[in-house]
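[1] prediction below, plus the sequence it came from.
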Protein chains: 2
Amino acid sequence: MNDRTTLRTDLNVFADFNPKLPESYRPAPYLLLGNIQPELQKSVRAQMGGVKLSGGDTMNYWINDFRAQLLETIREWDFLLINDSEARLLSGEHNLRRAAAKILGMGPHTLVVKRGEYGAVLFRRDCHFIAPGYLLEDVFDPTGAGDCFAGGFIGYLAGQGVEPSNGEINMVDLRKAVIYGSVMGSFCCEKFGVDRFRSLTHQEIEVRYREFQRCTAFK
Amino acid sequence: MNDRTTLRTDLNVFADFNPKLPESYRPAPYLLLGNIQPELQKSVRAQMGGVKLSGGDTMNYWINDFRAQLLETIREWDFLLINDSEARLLSGEHNLRRAAAKILGMGPHTLVVKRGEYGAVLFRRDCHFIAPGYLLEDVFDPTGAGDCFAGGFIGYLAGQGVEPSNGEINMVDLRKAVIYGSVMGSFCCEKFGVDRFRSLTHQEIEVRYREFQRCTAFK
């Protein structure tokens, strides 16, 4: 999850890629923008007429070589979801709390920093939430776990119909969304690709959520 | 905290070191054995007549080159407190849950695996507790944070008079002990050496403990 430089070559394939959303997609209230050229992310968001909550991912290539375009893009987002090395690169700060403070000055009111097997930290201007990673007994393949985290995060918020109020989402929902993200990321690691999700049930997700609670709670 | 190989040379200085405890130390009920030759740890424990709860630390050098002696020593301990790379080395398992299961078969009923800035995981045969690391805004020097963690851990248990019952300590106390360990480790990083502890108050410790709760709780 921390080294995605090899994507750089592949991305040239998409030089002429300019997505046009079907009309039926445009009124969707929740938007998660995958890691791609910031200009394309911006153009997709602009096509979404009724979006209530938007955010996405990025990577070192865009942070280094498309910085101005990236800053213009994420300024409109509610949340930015990146890993720890990307947070350091984007902010120029090694310390995560300082990095987060700088990034929250760039537009998004919510920053989620993924830390691979060590979990994630969610930052807002006034507080933060630290979630450890779920401890799997067998890690088959962690590829895609960060994307599954992102899906679980926005999926929970969309499922609950959570919307920003006065420019923010309440922390109770955000905390739960991070844990559901971690839960989905942990399932991803159990098989290759999306294989684990073909048979995954809502009940298994809830069982793991409660296991997360049991393994992290203290008085 | 993860690379302590440089200690190896220094340890030769202690070749003739054979500690004899003063009589007044021997009835103490709580014993935390620092990282040193396993034979010396064993000899110190044997001098403690009324010990109710004992455990300690070790390192790669003893695990690799004094394995039989180490296994004989930790067999008598209630808890073993090591970092993640040491847990992997001692068990021969990369996965932390599998490593823990093997180590808990070596004697101690409780294993605490320190993970530096990412916190710690406490394992028992029937359950585990994952604690993320406290996020400091300024890390001045992390040297000694693992030892301060150990001090906070045993210090909490001793302060509460916690004793094993049926060969185990209850998880409520163990969870709190891990968080107090993390709190003390975090203070260590704020200044050089033990400087931060010269002025540290109980109130500051409690404030940070509650901050830990606020930053990690979810429903």
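    Happy to help now that I have it. Numbers count the residues shown, from 1 in each chain, chains lettered A, B, ... in the order given.

[2] go through the longest helix along chain A and flag the buried ones.
    The helix spanning the most residues in chain A, taking DSSP state H as the definition, is helix A:171-188. By neighbour count, and taking 16 or more other C-beta atoms under 10 Å in any protein chain shown as the criterion, the buried residues in helix A:171-188 are A:171, A:174-188. For every residue, glycine as well, the C-beta is placed using N, CA and C.

[3] likewise for stretch A:211-219?
    Of the residues in stretch A:211-219, A:212, A:215-216, A:218 count as buried by neighbour count, 16+ other C-beta under 10 Å.

[4] hmm, which two among those residues are most spread apart?
    Between all members of these, the longest pairwise span (C-beta to C-beta) is found for A:Phe212 and A:Phe218 and amounts to 13.5 Å.

[5] was I right to think A:Phe218 contacts B:Ala177?
    No: distance between A:Phe218 and B:Ala177: 9.6 Å, which falls outside the contact criterion (C-beta atoms under 8 Å).

[6] after the least confident helix or strand in chain A by mean pLDDT, which helix or strand is next? Please name it.
    The element with the least model confidence among the helices and strands of chain A, by mean pLDDT, DSSP states H and E, is helix A:7-11, at a mean of 52. In the C-terminal direction, the helix or strand that comes right after helix A:7-11 (DSSP states H and E) is strand A:30-33.

[7] pull up the pairing partners for that following strand, direction included.
    strand A:53-56 (parallel) (DSSP bridges).

[8] which residues touch the strand it pairs with?
    For strand A:53-56, the surrounding residues in contact (C-beta atoms under 8 Å, 6 or more residues apart in numbering or on different chains) are A:29-35, A:41, A:45, A:48, A:74, A:76-81, A:108, A:110, A:154, A:157-158, A:162-164, A:169.

[9] tell me which of those fall in strands.
    A:30-33, A:79-81, A:110 (DSSP state E).

[10] can I get those residues in a markdown table with pLDDT, distance to B:Lys114 and neighbour count?
    What follows is these, written out as a markdown table (pLDDT from 0 to 100; distance: C-beta to C-beta, whole Å; neighbours: other C-beta atoms under 10 Å in any protein chain shown):
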| residue | pLDDT | distance to B:Lys114 | neighbour count |
| --- | --- | --- | --- |
| A:Tyr30 | 97 | 39 | 19 |
| A:Leu31 | 97 | 40 | 21 |
| A:Leu32 | 98 | 35 | 19 |
| A:Leu33 | 97 | 37 | 23 |
| A:Phe79 | 97 | 32 | 25 |
| A:Leu80 | 98 | 31 | 27 |
| A:Leu81 | 98 | 28 | 28 |
| A:Thr110 | 97 | 30 | 23 |
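
[11] now do A:Pro164, the pLDDT please.
    If you check A:Pro164, the pLDDT there is 87.

[12] pretty sure it sits against A:Asp78.
    Yes: distance between A:Pro164 and A:Asp78: 6.0 Å, which falls inside the contact criterion (C-beta under 8 Å).

[13] those two: which is more packed in?
    More crowded of A:Pro164 and A:Asp78, by other C-beta atoms under 10 Å in any protein chain shown: A:Asp78, with 22 against 15.

[14] so which of the buried residues of stretch A:211-219 reach chain B?
    Among those, the residues within reach of chain B (C-beta under 8 Å from any C-beta of the partner chain) are A:215-216, A:218.

[15] tell me which parts of chain A are close to chain B?
    Remark: the part of chain A in contact with chain B comprises A:95-98, A:115, A:118-119, A:121, A:127-133, A:135-139, A:172, A:175-176, A:178-179, A:213-219, using C-beta under 8 Å from any C-beta.

[16] so what does the closest residue to A:Asn170 other than its chain neighbours look like in phi/psi?
    Spatial nearest neighbour of A:Asn170, excluding adjacent residues (C-beta to C-beta, 6 or more residues apart in numbering or on different chains): A:Val162 at 7.8 Å. When quoted as degrees, to the nearest 10, the phi and psi of A:Val162 stand at phi -70, psi 130.

[17] quick one, what contacts A:Val162?
    Each residue near A:Val162 by C-beta under 8 Å, 6+ apart is listed here: A:53, A:169-170, A:173, A:177.

[18] export those residues to a markdown table and tack on pLDDT?
    Supplementary listing: the contacts of A:Val162 in a markdown table, determined by pLDDT from 0 to 100:
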| residue | pLDDT |
| --- | --- |
| A:Leu53 | 96 |
| A:Ile169 | 90 |
| A:Asn170 | 92 |
| A:Asp173 | 96 |
| A:Ala177 | 98 |
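
[19] for A:Asn2, report the pLDDT, please.
    44.

[20] no, scratch that, I was asking about A:Pro29
    95.

[21] contacting residues for it?
    If you count contacts by C-beta under 8 Å, 6+ apart, then A:Pro29 has A:50-53, A:158, A:163 around it.

[22] could you rerun that using 7 Å?
    The contact partners of A:Pro29, taken as C-beta atoms under 7 Å, 6 or more residues apart in numbering or on different chains, are A:50-53.

[23] ok, A:Glu117 next?
    By C-beta under 7 Å, 6+ apart, the residues touching A:Glu117 are A:Gly133.

[24] so which elements touch the helix or strand encompassing A:Gly151?
    Using DSSP H and E, A:Gly151 sits in helix A:145-160. Using 3 or more C-beta pairs under 7 Å, 6 or more residues apart in numbering or on different chains; DSSP states H and E as the contact criterion, the neighbours of helix A:145-160 among helices and strands are strand A:30-33, strand A:79-83, strand A:110-114, helix A:171-188.

[25] check what contacts it and list those residues.
    Outside helix A:145-160, the residues within contact range by C-beta under 7 Å, 6+ apart are A:1, A:30, A:32, A:53, A:57, A:81, A:83, A:112, A:114, A:120, A:173, A:176-178, A:180-185, A:188-189.

[26] dump it to CSV, keeping only the CA atoms.
    Extracted C-alpha coordinates of helix A:145-160, given in CSV (Å, rounded to 0.1, in the frame of the first residue of the first chain):
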residue,chain,number,x,y,z
ALA,A,145,-6.8,-3.6,1.2
GLY,A,146,-6.6,0.2,1.1
ASP,A,147,-9.2,0.4,-1.6
CYS,A,148,-11.5,-2.0,0.3
PHE,A,149,-11.0,0.2,3.4
ALA,A,150,-12.1,3.2,1.3
GLY,A,151,-15.1,1.2,0.1
GLY,A,152,-16.1,0.2,3.6
PHE,A,153,-15.6,3.8,4.8
ILE,A,154,-17.9,5.5,2.2
GLY,A,155,-20.2,2.4,2.1
TYR,A,156,-21.0,2.8,5.8
LEU,A,157,-21.7,6.6,5.5
ALA,A,158,-23.8,6.1,2.4
GLY,A,159,-25.7,3.2,4.0
GLN,A,160,-26.6,5.4,6.9
